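Colleague: missing the sequence, but the structure's below:
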């Protein structure tokens, strides 16, 4: 199995060099860039397996870089932010990031988060962030779950709404599968963090909220219902 290639965009020289060394010691191949424009060029040239983007980098900020990457690929993205309460974290998630880590971070925590995201990515996507080759039309009927005009192919990992294909990131796909496997059942944010994001500990529920918002924008605002004080449920 090829080594995992990480694109790391961070303008602080000390953090960039120290983190690169730590990731390389854990077996990752790292391309480290000091600004967003260089990061975008490196992404297009190397097609990494995952991108770590600091929010506040010069040239092209991390949120804008995330958006540019998401326009071209479903490769997983983790945002790095100096403040957990920063609006930039939410903006990064809305731009398509799969998760975020607050600086300063422990190297072991960062590696664990990277591996968790990659596990999630591997379940819902093919190599290089591409969608699996299986065609939804060839899927066995029992593998296709239907909710009104929404169809979820659980084997081909494809989604259609009104007969039209819906492009989802691997994280959005995993989230939709959780809802699809329990329609009408209220799923708490903590359960979704554990099942979709592989958090074995308390995580930031904003990650769930923003991804639900993004998913609603693609499959229909009314398809996922908010149950105040408890979580979310998929309407059958």
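Modeller: Here it is on my side, so go on. Owing to the predicted nature of the structure, the values given are computational and were not obtained by experimental measurement.
Colleague: low-confidence ranges in this protein?
Modeller: By pLDDT under 70, the low-scoring segments of the chain are 1-2, 84-86, 123-141, 200-202.
Colleague: Quickly note the distance from the residue nearest in space to the middle of it to residue 57.
Modeller: Nearest to the centroid of the C-alpha atoms of the chain, with distances taken as C-alpha atoms, centre = their mean, sits residue 98, at 2.4 Å. Distance, residue 98 to residue 57, by C-beta to C-beta, to the nearest Å: 18 Å. No exception for glycine: its C-beta is placed from N, CA and C like everyone else's.
Colleague: Spatially, what comes nearest to residue 182 if we skip its sequence neighbours?
Modeller: residue 234 (7.5 Å; C-beta to C-beta, 6 or more residues apart in numbering).
Colleague: nope, residue 151 is what I was after
Modeller: The spatial neighbour of residue 151 that comes closest, neighbours along the chain excluded (C-beta to C-beta, 6+ apart), is residue 160 at 4.5 Å.
Colleague: again, but for residue 216
Modeller: Looking at residue 216 with C-beta to C-beta, 6+ apart, the closest residue is residue 224, at 5.5 Å.
Colleague: Kindly state the beta-bridge partners for the one you found.
Modeller: residue 234 (DSSP bridges).
Colleague: That one and residue 218 touch, don't they?
Modeller: No - the pair residue 224 and residue 218 does not pass the contact test of C-beta atoms under 8 Å, sitting 10.7 Å apart.
Colleague: Specify the next element, helix or strand, located C-terminal of the longest helix belonging to the chain.
Modeller: Longest helix in the chain by number of residues, with DSSP state H as the criterion: helix 107-124. Following the chain from helix 107-124 toward its C-terminal end, the next helix or strand by DSSP states H and E is strand 144-147.
Colleague: ok, that next one: who's next to it in the sheet?
Modeller: Using DSSP bridges, the neighbouring strands of strand 144-147 in the sheet come out as strand 150-153 (antiparallel).
Colleague: what's the next secondary structure element after the strand it pairs with?
Modeller: Along the chain past strand 150-153, the next helix or strand (assigned with DSSP H and E) turns out to be strand 158-161.
Colleague: Direction included, what does that next one pair up with?
Modeller: strand 150-153 (antiparallel), strand 164-166 (antiparallel).
Colleague: closest one to residue 76 among those strands?
Modeller: strand 164-166 (18.9 Å; C-beta to C-beta).
Colleague: Could you check that closest one and say which residues are buried?
Modeller: Buried residues in strand 164-166, defined by neighbour count with 16 or more other C-beta atoms under 10 Å: residue 166.
Colleague: what angle separates the helix or strand following it from helix 107-124?
Modeller: Taking DSSP H and E as the definition, the helix or strand that follows strand 164-166 towards the C-terminus is helix 170-180. Helix 170-180 and helix 107-124 meet at an angle of 70 degrees, taking axes from the mean of the first three to the mean of the last three C-alpha atoms, to 10 degrees as the criterion.
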